[in-house]
Structure formats: C-alpha cells, structure tokens
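Trainee: Build me a model:
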Amino acid sequence: MDYNSYFTDALARLHSERRYRVFADLERIAGRFPHALWHSPNGPKNIVIWCSNDYLGMGQHPKVIGAMVDTAARMGTGAGGTRNIAGNNHPLVDLERELADLHHKEAALVFTSGYVSNQTGIATMAKLMPNCLILSDALNHNSMIEGVRQSTCEKQIFRHNDMAHLEQLLAAVDRSRPKLIVFESLYSMDGDVAPVHRICDLADRYGAMTYIDEVHAVGMYGPRGGGISERDDASARIDVIEGTLAKAFGCLGGYIAGSRALIDAVRSYAPGFIFTTALPPAVCAAATAAIRHLKTSQWERERHQDRAARTKAVLASAALPVMTSPTHIVPVFVGDPERCKEASDLLLSEHGIYIQPINYPTVPKGAERLRITPSPYHDDGLIDALAEALVDVWQRLGLPFKERALAAE
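Mentor: Below is the predicted model of the structure:
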C-alpha cells in the first residue's frame with residue numbers, strides 16, 4: 001500500500017483550491033524592526049514587514065531582550081520539564097502574578113501558547129460544569145472552536161456580535177443550567193470589536209459565565225494594556241480573561257485569568273497544562289518585563305493608534321479597497337485566493353514589502369484579503385511607500401479599486 005499517496009493527494013487538493021501556503025524565510029533583526037532580511041531564492045534582500053502580530057515591536061525592546069538574556073545566563077535555557085515534575089520556575093510565578101494584576105483577577109495560569117490556553121482552558125472549564133451549554137460567537141478563533149469541541153458539551157453558535165440572537169438562545173435555556181458564553185474582544189481578520197457590556201448584561205440576566213479572548217487587544221488597549229475589557233471598564237464583569245504573550249508583549253505563551261478557585265481547578269484538571277513542558281524562565285522574565293513596561297508607558301499605544309489611522313487614511317485616499325475597521329487592523333480586500341497570493345508575491349519580490357495573503361479557512365472563500373498591521377515604527381515614508389506599492393500591484397493585476405470593490409465586500 002502506498003501510504004505516501006494519501007499525503008500527496010491531500011497536498012494536491014490544497015494546490016487545486018489555491019490554498020497551499022508558502023512561508024517566507026525571514027530574519028528579523030533587533031533594533032531594525034520593521035525592517036528585516038528575506039532569504040529569497042536569489043539571496044538575502046532587505047524588506048519591510050507589514051503583517052507582524054508583534055504589534056508594538058516589544059520583541060525588540062531593550063528591557064525585554066535584557067530580561068531574557070540576563071535570566072538565561074543566570075538560570076539556563078529550559079524549564080526542566082512539566083511543572084508537575086520540575087516545579088514552578090520562579091520567573092513563571094512572577095509572570096502569573098503580573099498577569100493577575102493586569103486584569104484585576106485573583107489568579108492567572110500560563111500555558112505554552114494562546115492556542116493551548118483556549119483549547120484546553122475552555123474544554124476543561126466546561127467539563128467541570130455538568131450539563132454545561134456553551135454559546136460561541138460564529139467568528140471565534142479556531143483555538144476556541146477546538147476548546148468547545150473537545151469539551152464534548154452541547155454548543156450553540158450565535159451570529160457574530162448579534163445580541164438579539166444570543167438573547168434568544170439564552171432565553172430558551174433553563175436558568176439553573178450552567179452556561180458559558182465564549183467570545184473575542186477584537187476579531188483579528190475584520191478588526192471589529194465585541195459589545196462587551198451588552199454580552200455581560202445578558203450573562204447577568206440569564207445566569208451565564210463569560211469567557212473573553214483578548215489576544216489581539218492585550219497590551220494595546222486600556223490605560224495599562226489590559227485589553228478591550230479594561231478600556232471599556234468591563235474587566236470586573238468578565239469571569240475569565242484569556243490572552244497571549246506572543247503578540248503585543250513580543251514573547252511566547254498564553255494564559256487565562258480569573259478567580260482563584262477556577263484557575264486552580266484548570267491547573268489541576270487540564271491535560272494541555274499538566275502534560276506540557278512549562279515555559280522557560282528566560283521567556284517568562286521577558287514577558288514580565290514587557291507587561292510591566294506597557295502598564296506604565298503610553299507611548300507605544302498612542303503611536304500605534306496614530307500609525308494605524310494614518311495608514312488607513314493614505315490607503316483610502318489612493319482608492320484602495322480598505323475594509324472598515326475601528327481598530328489597528330487594516331484589511332485590504334481582494335476576494336480571490338490566487339490573486340491574493342499573486343499580490344503578496346509581487347509586493348515581496350518587486351517592492352520589498354512582506355504581507356502574507358489571508359485565504360480560506362482563515363477567512364471565508366471569496367473574502368480573501370491582505371491583512372496589514374502597522375506598528376509604532378512604521379514612519380510616514382514607509383506608509384507612503386506601501387500605498388505606492390499597493391497601487392502598482394493593483395494596476396498590474398487588474399484588481400478593482402475602491403469604487404468597484406465596495407460591492408464585493
């Protein structure tokens with residue numbers, strides 16, 4: 001039997017659907033972000049990164065690098081195993097305390113990634129509540145979907161940010177039944193924001209728990225970087241706040257924050273926590289340094305919002321099909337997977353601009369786009385060069401400009 005044929009056939013399907021993904025070989029250089037080196041087939045080439053989730057450039061911040069280097073030199077590189085075997089390395093204890101304080105919660109628990117914190121956190125919480133019903137926003141991230149699926153609990157999907165539909169579903173359920181509403185604060189492909197207080201109002205009215213994914217908002221919104229829930233003064237109303245250390249904080253890992261009992265229960269029951277090696281001390285120290293800095297520094301957040309606003313304005317003035325977004329996400333609509341990939345390739349090879357194409361299943365078929373994420377370090381010259389490059393690519397590929405693209409959105 002030719003077992004390899006199963007895999008080659010699967011790859012062929014991706015190619016035929018124009019969904020096969022190619023990753024550029026990039027070398028980020030601390031102190032030069034968003035500039036980087038692309039190791040192209042023809043050798044190294046200087047490029048500008050326009051789609052990093054290191055939203056604030058904290059991955060190159062001297063305080064963060066310094067904390068990582070110093071801790072690695074003092075404590076070594078690894079964590080020594082799972083916490084059940086190796087215990088808690090002290091920088092990890094400090095990190096969890098810092099995260100609990102960030103979100104004004106009693107406790108926090110760190111996982112190896114934001115994906116794992118959603119996947120195992122949601123599943124474990126729901127399993128611990130007999131006959132739990134999970135109500136999940138239709139546009140929730142795959143990690144949340146997997147957490148819901150692995151819980152084996154009954155689920156109901158409410159239309160994206162549709163409070164009337166969510167209330168209709170809640171009203172049909174016995175108030176005494178455990179219910180968990182899971183949603184994101186900021187949806188990273190469209191850049192829209194959840195009506196956090198309205199969801200909390202419904203949770204209060206119908207006796208439900210709330211679980212918010214803040215991965216694309218922590219560090220960037222709120223007076224201390226606590227996310228949309230902090231910005232909207234809703235942190236105290238949310239039962240569980242989930243976030244990542246790998247985006248605005250520039251490091252690695254994910255976490256949940258909530259009551260001491262809930263966090264301890266997840267710590268004690270979650271397989272994705274129990275059987276996984278802990279984050280290394282140096283990574284924990286670096287993440288703590290980033291959180292502490294962003295709790296007090298406003299420059300990064302203010303500059304970031306300024307750069308995002310200017311990028312949107314410049315691209316819109318060039319009649320490029322920028323999709324409306326109230327946040328830092330700048331999606332430019334394409335609507336075709338092959339042409340989206342062609343646009344991305346041309347930007348990289350001809351203009352030295354790196355923007356990954358966003359295709360199905362990340363977004364629905366027909367909603368393909370380029371997802372641009374300005375940082376505090378994208379200056380006016382880089383923004384103007386981006387607009388000129390996009391106009392050139394749009395013209396060369398015959399892609400529709402704004403007047404014709406709006407209907408497609």
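Trainee: Which pLDDT does the model give the nearest residue to Asn118 once chain neighbours are set aside?
Mentor: Spatially, and ignoring its direct neighbours in sequence, Asn118 is nearest to Ser143 (3.8 Å; CB to CB, 6 or more residues apart in numbering). Just so you know, the C-beta spots here come from the backbone N, C-alpha and C atoms, and that holds for glycine as well. On the pLDDT scale, Ser143 is placed at 97.
Trainee: What strand or helix carries Ser143?
Mentor: helix 142-151 (DSSP states H and E).
Trainee: so what secondary structure elements neighbour that helix?
Mentor: helix 114-127, strand 133-137, strand 179-184 (3 or more CB pairs under 8 Å, 6 or more residues apart in numbering; DSSP states H and E).
Trainee: How far off centre is the first one?
Mentor: For helix 114-127, the gap between its own C-alpha mean and the chain's C-alpha mean amounts to 16 Å (CA atoms, centre = their mean, to the nearest Å).
Trainee: Buried residues, that helix. List them.
Mentor: Within helix 114-127, the residues scored as buried using 16 or more other CB atoms under 10 Å are 114-126.
Trainee: what two of those residues are the furthest from one another?
Mentor: By the measure CB to CB, Gly114 and Ala126 form the most distant pair in the buried residues of helix 114-127, at 18.3 Å.
Trainee: quick one: contacts of the helix holding Ser143?
Mentor: For helix 142-151, the surrounding residues in contact (CB atoms under 8 Å, 6 or more residues apart in numbering) are 114-127, 132, 134, 136, 140, 155, 182, 184, 213, 361.
Trainee: redo that, cut-off 10 Å
Mentor: Contact partners of helix 142-151, identified using CB atoms under 10 Å, 6 or more residues apart in numbering, comprise 113-129, 132, 134-137, 140-141, 154-155, 157, 180, 182-184, 211, 213, 215, 242, 254, 271-272, 361-362.
Trainee: Same check on stretch 19-28?
Mentor: By CB under 10 Å, 6+ apart, stretch 19-28 touches 11-14, 34-41, 44, 47, 49, 52, 54, 59-60, 337-338, 341, 344-345, 348, 354, 356-357, 359-362, 365, 368.
Trainee: looking at this, Leu37 is in a strand?
Mentor: Yes: if the criterion is DSSP: H, G, I helix; E, B strand; the rest coil, then Leu37 is within a strand.
Trainee: List the contacts of it.
Mentor: Leu37 touches Asp25, Leu26, Glu27, Arg28, Ile29, Gly43, Pro44, Lys45, Asn46, Ile47, counting by CB under 10 Å, 6+ apart.
Trainee: Make a markdown table out of these and add neighbour count.
Mentor: What follows is these, written out as a markdown table (neighbours: other CB atoms under 10 Å):
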| residue | neighbour count |
| --- | --- |
| Asp25 | 10 |
| Leu26 | 13 |
| Glu27 | 10 |
| Arg28 | 15 |
| Ile29 | 11 |
| Gly43 | 8 |
| Pro44 | 11 |
| Lys45 | 13 |
| Asn46 | 11 |
| Ile47 | 22 |
